[in-house]
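Asks: missing the sequence, but the structure's below:
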């Protein structure tokens, strides 16, 4: 339960920081979580895989606890 709280707090803080930094461009708040991967390379591979399919227009990987990486994507709307 405590872990869920900290993960939620981290996601909220990331979204708020993204709003402040993304003014005038595509807001970082439009990024949504798309999966957790065991390495940065696996996360990057998954992020790059969505471009040819037109599934998203941007992505980034965020390091999380346990050496895992969370993929954030900016979907096409």
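Replies: Alright, I've got the coordinates. These figures come from a predicted structure and were not determined experimentally.
Asks: what's near enough to touch residue 35?
Replies: 46, 70, 71 (CB atoms under 8 Å, 6 or more residues apart in numbering). Backbone N, C-alpha and C define where each C-beta goes, glycine included.
Asks: and the closest residue to the first one other than its chain neighbours, what is it in contact with?
Replies: In this case it means residue 46. Excluding the flanking residues, the one nearest residue 46 by CB to CB, 6 or more residues apart in numbering is residue 71, at 5.5 Å. Each residue near residue 71 by CB under 8 Å, 6+ apart is listed here: 33, 34, 35, 36, 37, 43, 46, 47, 59, 60, 61.
Asks: From those, list just the buried residues.
Replies: Neighbour-count burial (16 or more other CB atoms under 10 Å) is assigned, among those, to 34, 37, 43, 46, 47, 59, 61.
Asks: nearest to residue 75, of these?
Replies: Closest approach to residue 75 among the buried ones among the contacts of residue 71 (CB to CB): residue 34, at 8.8 Å.
Asks: Could you check how far that closest one is from residue 66?
Replies: Residue 34 is 18 Å from residue 66, where distance means CB to CB, to the nearest Å.
Asks: now residue 77
Replies: For residue 77 relative to residue 66 (CB to CB), the value is 32 Å.
Asks: Which pLDDT value goes with residue 4?
Replies: pLDDT recorded at residue 4 is 49.
Asks: same question, residue 34
Replies: 96.
Asks: Can we start the residue count at 20 from this point?
Replies: New numbering, starting at 20: the last item is residue 53.
Asks: strands paired with the helix or strand harbouring it, and their directions?
Replies: In this assignment (DSSP states H and E), residue 53 forms part of strand 51-56. Strand 51-56 has its sheet partners listed here by DSSP bridges as strand 88-94 (antiparallel).
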